Every structure is written in structure tokens, then in C-alpha cells.
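Colleague: can you look at this prediction? I've put the sequence above it.
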Amino acid sequence: MTALVEAPDVTAIRGDFPILSRTVRGGRPLVYLDSGATSQRPRQVLDAERSFLEQHNAAVHRGAHQLAEEATDAYESARARIAAFVGADPGEVVFVKNATEGVNLVAYAMSNAGVRTGLGPESERFALGPGDEIVITELEHHANLVPWQELCRRTGATLRWYSVTPDGRVDLDSIELSERTKLVAFAHQSNVLGTVLPVAELVRRAKAVGALTLLDACQSVPHMPVHFGNLGVDFAVFSGHKMLGPSGVGVLYGRAELLDAMPPFLTGGSMIELVRLEGSTYAPPPQRFEAGVPMTSQAVGLGAAVDYLTGIGMDVVHAQEARLTEATLAGLAGIPGVRVVGPTTMVDRGGAVAFVVEGVHAHDVGQVLDDRGVAVRVGHHCAWPLHRKFGVAATARASFHVYNTLDEVEALVEGVRAAREFFGVS
Amino acid sequence: MYQEIILDHYRSPHGAGLREPFDAESFQINPTCGDEITLRVKLDGDTVSDVSYETLGCSISQASASVLTDLVVGRSVEESMRVLTAFQEMAQGRGQVEPDEDVLGDGVAFAGVARYPARVKCALLGWMAFKDAVVRAPAADEKEHIDG
């Protein structure tokens, strides 16, 4: 599967990331295996932000001076390139602070739809109340769980979820959707288990009962080719900082027809059409959902990140991460007492490898690794219910991006061996 | 950071397990990592007569709870709070606070943890549970009142 795609020139790629050449903890080379939390940024992204700020900075969609025009062009050009990158039209891409805000935007727009005063019939499909259901999965990150808990609290709707099997897959038979299911929200790829969810099947089931779908694409868009149009999801969210781009910018994708019909979440400047003291009308999407002066250099930086990833090729990125993941699974399998939490084969699996070491707490594993310069995430990775499901308080997680090497995987595996020796469990 | 004393306490924790009778119990959790401790306090008049606990956590949090029992059991509530304050100052001191071994005993081994901000909460988890449990424990005169 991976052999068909050429390996990237990782040495050259690493040269683009200044931070990867620094040392940590007393001169050890940094081995950064925490891209699932946040990725590092290449010079091309940093330069794009700096150049925008040095040459073109102005408030976008306001004013008629030259800088305002240039800034607006840069912002909208980034939107168009990001849209093309994920198989969307520019009008379907709403800039938000991060994926969390994107999920909240939809959740609050749905509550707002429930307050019917002053809204047209087109917003009715977003309204929900007691007896209606929101459905998620047991492996969701807190960002795709807590906003729905809150939406249910505000509206009286019920939250239900697909459970997860012991091997880390979503159990599609664990619940049945119904005519009362208003929305099904699920991750494309688990940030803990690495599991890639059966998007097509989940979309099919949701559509069969007339429910909307929302895809948390935070762990897929940065790592594999993704085409929202082809996936058939209604909404999707992802964050810039996990895809070699800046923090403070993310995207809410919504099918044009839905964004057209959905009431706003944040209101104020920029998102209006006509304002009178007695009341206002709103701009068409995506502006309707971008109240206030938006993040600009960050959007431009995310545009540069998309250009950078496109230059490498997302199939190449995906294949490189598959090599690293496969090597990690093999390396950890060779250490007694190490258990991978999640799928142990490469079938429908991406590059996040969470594991526990028998007799050594994840924090202690992480500390021994850190002392060797190896940065991994430890804890519950903002997926606390999932950790409870697997009966562990915390795991250590290695995650990758295209700049990681097999030597770094080896450093991880050696570090885990060292942790076992240090704590006397080997 | 992993001083031999810490590893010793981690491998053979002092006072571990939940015991009865007790006057108050506190459950504390570290939301950043999910580590948990349930800690019980028994007071005999003004004296801390027993501290028992169950932890689900890393070596630092477990060893810290073990050291805590050594340092507070048999002391007055007031003295134990002085130790707690000293331990907390050291743990939050970013490595700038020189610990007093006369006050902190084996607790001085945790001075190194102060240089790892992410781990300070691990070292303090048991101590926060102790503080909370002591606050919840009925005062001696209240107990007499209840008993009577």
C-alpha cells in the first residue's frame, strides 16, 4: 500500500523547520513526536505571516485603501486555496479560531434555531428540543463531546453515542439512529487510538434518518488527502496548528445550502447586510459566520501551510506517516509489558499511537522520554471517557508528521525500554 | 528528578490503602492528566493520628503521598499545615527555593520536581487532598457534641 508512493526527502523537509534543529534537556537533539497536539511550522508559513504583516496588513472587508484591498485579497485567496485543499467551495469555508470554535458555532447556531422568533422556515431543520437526539461516538475528543452535552442541556435533547470495541473500533451496531436523530458528530480519525472511522457508512446511516453530520477532521486533514464533498458530510472542522499552520485559525466547513439556511452564532460587525436600530439582516455565508475583524496573518499562514503540504503531496505525507506508524507498532510490540491502546495493524489506522507500559505510569514514561529529548503527549489527551473505557487513567502517545524519521521512532522505542529498566519492571 | 528516595517511596509506599475509622475524606483529581487520589484523615484531638489513601497516579504523586504520611502523622494539625506550606513553597518554587530538611524530611527529594512545572501538580495532589480533608474534618468540640 505504502510502497506505491515515493518517500519524501525528509532531510530537505526538516531543513524547512527551524525548531527541529534545536536541542533540549542538556543538549539532546529534539525528537518531536507530538504533532497530534500541535505541529511545527515551516519557514514558508512563518515567512508568509511576516511578509503579510510587513507589506499588506489591514482590516479585511473594510475600507477602500490599497492595503485594505491587498489584505482582503490575501485573506480571500487563502480561503480559496484552503477550500480547494479539502474539496470545498470557498463559500463553504468559514474561518474560526480553531476546530473547537467550529463545533461550538454549529451547536450554538442549532440552539439559536430553536428560538424561532424572527427566523424563517429554512432554519427549522437545525432546531431541536426534548425527544430529539444528538449522536456522537465514545472515542470523541472533548471538543466534539462537551459542546453537544451543553446543546442537549440547553434544548432538552438527548445525547447518545456509538460505543467503542476493545480493539478501538466504533461499534456500528451499538445503537440505532432514529427519526429523532438530528445530528451525528464523529471524528474522522481518533486522536488517541489512531482509528480511522467508517465515514461513508456513518454518513449513509445519518442520511437514512434525515440527520445532519459533522466530521471532526482535526486528525485527518493534516495527515491524508481529504475531500469533504466526496465524503458527503454536512459540516466538518479542523485546526490550522495541527497542519503546519498557525494557531488561532481553523475552519468550519458547511455545505453551501446548509450555511445559507443556518442562523448565525456570533453577531456584530462584518456579518451584517443591513443594520437599523430596530433590527438587522445578515450577510450571506461565509461572512455571516465571521463576526468582527477576523484573524488575518493566521489565515494567510494557513494558506501557506496548505501550499506547502500540496507541494509535498498529501498522498506522500500519508505514506510517510504510515511508515512511521508501522515501525512504531512493530517496535513497541517487541517490548514486553507494552500495550498499544488502539488498532495494532495498519488497517484503517492513522499515525497516533497511544500505549501503556505495565508497571510504569504514563507520566513517568513521558518523563524518561523527555530526559532523552523525545517529546510525546502523556495524559488523557482530552479524551477522558475513552481512557475510562480502556481502564487506564493515562497513556503516552506518539504522533507524527511528514518531518519525522524512522531514527526518531527508534529513539522512542529505545526510550520506552529505558523507562522499563529505570523503574525496574524489565 | 527521580531521586532514589522518591523511587523507594514509590516502590514501597508508606501508609497506603484506605483505613477506618476516619474523620474526613477528600477525593482530588488532576484534570490535566486524570490522576486521582482518595485520602482519609483521622484526628485524635488536635493530632493527626492517621492518613490513609488510594492513588491512581504516577511515581511522583504516589511517592509524595507516601512522604506526606511520614511527615504529618503524629503531628498537630497546625504543625502539619506548616509542613504543607513548606512543601508547597518548594514544589512551586521553580527550583529557587532551598528546602529545609528539618521541616521536610524525605520531602526535600521533591525539590527537583519544581524544575518541571508540568509535574508540580503531581507532587501536590496528595497534599491538596490532605488540606481539604483536614478542613472537612469536624473540629474536636463538634465531635464531642455529636458523640454526646
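Modeller: Sure, I can see it.

Colleague: name all residues that make contact with A:L406.
Modeller: Contacts for A:L406 were tallied using Cβ atoms under 8 Å, 6 or more residues apart in numbering or on different chains; they are A:323-324, A:327. No exception for glycine: its C-beta is placed from N, CA and C like everyone else's.

Colleague: ok, and the most crowded of those?
Modeller: Using other Cβ atoms under 10 Å in any protein chain shown as the neighbour criterion, A:L324 leads those with 25 neighbours.

Colleague: show me where chain B has strands.
Modeller: Secondary structure of chain B, counting by DSSP state E: strands at B:24-30, B:35-44, B:47-56.

Colleague: other SSEs contacting the first one?
Modeller: Read it as strand B:24-30. Judged by 3 or more Cβ pairs under 8 Å, 6 or more residues apart in numbering or on different chains; DSSP states H and E, strand B:24-30 is in contact with strand B:35-44, helix B:117-136.

Colleague: mean pLDDT for the ones you listed - can I get that in JSON lines?
Modeller: Formatted as JSON lines, the helices and strands packed on strand B:24-30 follow (pLDDT from 0 to 100):
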{"stretch": "strand B:35-44", "mean pLDDT": "95"}
{"stretch": "helix B:117-136", "mean pLDDT": "94"}
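
Colleague: now these as JSON lines including distance to chain A?
Modeller: Shown next, in JSON lines, are the helices and strands packed on strand B:24-30 (distance: least, Cβ to the nearest Cβ, whole Å):
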{"stretch": "strand B:35-44", "distance to chain A": "6"}
{"stretch": "helix B:117-136", "distance to chain A": "6"}
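
Colleague: of the contacts of A:L406, closest to chain B?
Modeller: Ranked by distance to chain B (Cβ to the nearest Cβ), the contacts of A:L406 are led by A:L324 at 25.2 Å.

Colleague: the closest one is in what secondary structure piece?
Modeller: In the assignment (DSSP states H and E), A:L324 maps to helix A:314-333.

Colleague: tell me the spacing between A:T213 and A:P264.
Modeller: 21 Å (Cβ to Cβ, to the nearest Å).

Colleague: okay, the two: which has more neighbours?
Modeller: A:T213 (23 against 19).

Colleague: picking up where we left off before, can you redo the helices and strands packed on strand B:24-30 as a markdown table with distance to B:Q88?
Modeller: Formatted as a markdown table, these follow (distance: least, Cβ to Cβ, whole Å):
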| stretch | distance to B:Q88 |
| --- | --- |
| strand B:35-44 | 16 |
| helix B:117-136 | 6 |
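
Colleague: of those, which approaches A:Q287 most closely?
Modeller: Of all the helices and strands packed on strand B:24-30, helix B:117-136 sits nearest to A:Q287, with 40.9 Å by Cβ to Cβ.

Colleague: and A:L386, how many neighbours?
Modeller: Count around A:L386 with other Cβ under 10 Å applied: 27.

Colleague: the helix or strand where it lies close to chain B?
Modeller: Assessed by DSSP H and E, A:L386 sits inside helix A:384-389. Yes. Using Cβ under 8 Å from any Cβ of the partner chain, helix A:384-389 reaches chain B at A:384, A:387.

Colleague: pLDDT of the helix or strand following that helix, averaged?
Modeller: Downstream of helix A:384-389, the first helix or strand assigned by DSSP H and E is strand A:395-399. Average pLDDT, strand A:395-399: 97.

Colleague: contacts for strand A:395-399?
Modeller: A:33-37, A:191-192, A:328, A:341, A:351-357, A:362, A:365-366, A:369, A:376-381, A:387, A:409, A:412.

Colleague: alpha carbons only: can I get the helix or strand following that strand in PDB?
Modeller: Going down the chain from strand A:395-399, the next helix or strand is helix A:406-422, by DSSP H and E. Only the C-alpha atoms of helix A:406-422 are listed here, as PDB (Å, rounded to 0.1, in the frame of the first residue of the first chain):
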ATOM      1  CA  LEU A 406      12.500   6.200  11.400                       C
ATOM      2  CA  ASP A 407      15.500   7.100  13.500                       C
ATOM      3  CA  GLU A 408      13.200   9.100  15.700                       C
ATOM      4  CA  VAL A 409      10.900   6.100  16.000                       C
ATOM      5  CA  GLU A 410      13.900   4.100  17.100                       C
ATOM      6  CA  ALA A 411      14.700   6.800  19.800                       C
ATOM      7  CA  LEU A 412      11.100   6.400  21.100                       C
ATOM      8  CA  VAL A 413      11.300   2.700  21.300                       C
ATOM      9  CA  GLU A 414      14.700   2.800  23.000                       C
ATOM     10  CA  GLY A 415      13.400   5.400  25.400                       C
ATOM     11  CA  VAL A 416      10.400   3.100  26.400                       C
ATOM     12  CA  ARG A 417      12.900   0.300  27.000                       C
ATOM     13  CA  ALA A 418      14.900   2.600  29.200                       C
ATOM     14  CA  ALA A 419      11.800   3.600  31.200                       C
ATOM     15  CA  ARG A 420      11.100   0.000  32.000                       C
ATOM     16  CA  GLU A 421      14.700  -0.500  33.100                       C
ATOM     17  CA  PHE A 422      14.700   2.600  35.200                       C
END
